[in-house]
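In: after the sequence you'll find the predicted model.
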Amino acid sequence: MTLMSKCSRLSKPIALMFTAMLGIAAVPANAADGGAQLKEQYTKAIEGKTIAFLPMTLGAPLMDTWEYVIRTEAERSNMKYSVKDPAWNSTALAQAFEGAIADKPDVIIVQNPNVQLLVKQIKQAQEAGIYVIQLSMMSNTLSDGYVGGDWIEQAEVTGKDIVKQCGTGSGKSGKVVILQGELTSAQNVYMTNALMKEFAKDTAIQVVSSQATNWDATKAYDITTAVLQQHPDVCAIFGPYDIMTIGGAQAVKKAGLSGKVIVYSNGGGYKEGCDAVRAGLIDRYMDWDAWNQGREVMVMAKNLLMAGEPPGSHSVASFSSYFWVTKDNVDQARCTDIPKKS
């Protein structure tokens with residue numbers, strides 16, 4: 001093959017390459033504007049809109065984690081933001097919700113303390129053109145969105161593990177203590193009912209106490225202390241909220257039963273919950289990542305605003321993933337902590 005023929009063969013792909021490059025350069029500007037158009041739509045729908053957050057309280061790790069993520073995401077998105085602290089007071093929360101309706105935010109994010117409390121207010125907000133997203137706690141009425149745990153599934157998984165550890169063939173007493181939260185809260189209702197269904201599958205399981213703590217660690221401590229005095233052979237204790245359950249776990253420790261009584265709980269994967277696992281207070285901790293829930297609820301709020309459908313026209317949900325944290329894997333777990341202010 002001659003030098004000229006070699007050059008001729010090489011020149012064809014090079015020429016094609018330059019033609020392709022010139023073709024890219026020559027694409028009309030509007031053909032590559034998909035991203036710009038989407039950004040314009042996003043900005044128009046999101047910037048300047050108002051998010052109102054109504055947790056059950058502030059000053060607790062779970063709610064403070066949500067508040068930090070929601071607030072920082074709103075600020076980053078050039079949105080307006082407000083938050084109210086009802087300090088565990090249901091009446092104050094209902095009043096704060098009514099006040100939020102009067103203020104006319106674009107989205108209300110609410111942690112509903114029980115299934116009945118805000119039924120009327122949620123409908124009123126939607127009729128006023130306000131989207132309502134329920135965070136972690138559901139009402140008896142559907143809102144525009146829900147972000148939180150699938151409490152039934154999580155309780156089923158927990159119940160099966162308790163039956164395995166304490167039921168027929170385990171060599172244990174089968175005695176179980178349930179430290180309930182608020183009796184009418186969605187999380188408490190769904191988890192307690194699902195647990196009882198699992199326990200009913202094994203006649204060896206005996207629930208020796210199932211009392212309300214109203215999410216209070218001191219009440220959990222007092223109840224557990226009294227139960228352990230009557231039933232020192234308790235096999236397992238379950239509490240649906242880690243900070244509250246730590247009170248019961250302290251009673252187990254004081255009774256000298258750590259390692260004998262298996263303590264189950266769940267929570268948002270923040271530092272306090274993981275520290276309780278490291279300290280041997282909680283043995284099996286179901287982490288559903290409160291930090292990620294804060295992001296999810298803001299993504300849902302933005303999607304509702306961008307879609308522009310009338311509030312109350314449909315409902316969407318995001319059920320959070322979860323995983324077990326134990327002493328064996330706690331150092332690999334993503335245990336979050338709110339950044340300190342500089």
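Out: Sure thing, it's come through.

In: could you tell me the end-to-end distance of stretch 80-89?
Out: Using Cα to Cα, to the nearest Å, the end-to-end distance of stretch 80-89 comes to 25 Å.

In: what about that stretch, average pLDDT?
Out: For stretch 80-89, mean pLDDT rounds to 97.

In: CA atoms of the helix or strand that residue 154 is a member of as CSV?
Out: Per DSSP states H and E, residue 154 falls inside helix 151-166. The C-alpha coordinates for helix 151-166 follow below in CSV (Å, rounded to 0.1, in the frame of the first residue of the first chain):
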residue,chain,number,x,y,z
TRP,A,151,-45.4,1.2,60.8
ILE,A,152,-47.3,-2.0,60.0
GLU,A,153,-44.5,-3.6,58.1
GLN,A,154,-41.8,-2.4,60.6
ALA,A,155,-43.9,-3.9,63.5
GLU,A,156,-44.4,-7.1,61.7
VAL,A,157,-40.6,-7.5,61.2
THR,A,158,-40.0,-6.6,64.8
GLY,A,159,-42.7,-8.9,66.1
LYS,A,160,-41.3,-11.9,64.1
ASP,A,161,-37.9,-11.3,65.6
ILE,A,162,-39.3,-11.1,69.1
VAL,A,163,-41.2,-14.4,68.6
LYS,A,164,-37.9,-15.9,67.3
GLN,A,165,-35.9,-14.7,70.3
CYS,A,166,-38.6,-15.3,73.0
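
In: quickly note the distance from residue 188 to residue 117.
Out: According to Cβ to Cβ, to the nearest Å, residue 188 and residue 117 sit 14 Å apart. Just so you know, the C-beta spots here come from the backbone N, C-alpha and C atoms, and that holds for glycine as well.

In: okay, and the common contacts of the two?
Out: Between them, residue 188 and residue 117 share no contacting residue under Cβ atoms under 8 Å, 6 or more residues apart in numbering.

In: the more surrounded of these two?
Out: Per other Cβ atoms under 10 Å, whichever of residue 188 and residue 117 has more neighbours is residue 188, with 24 against 21.

In: then the more buried one would be within a helix, right?
Out: Yes - secondary structure of residue 188 (DSSP: H, G, I helix; E, B strand; the rest coil): part of a helix.

In: give the next helix or strand downstream of the helix holding residue 154.
Out: strand 175-180.
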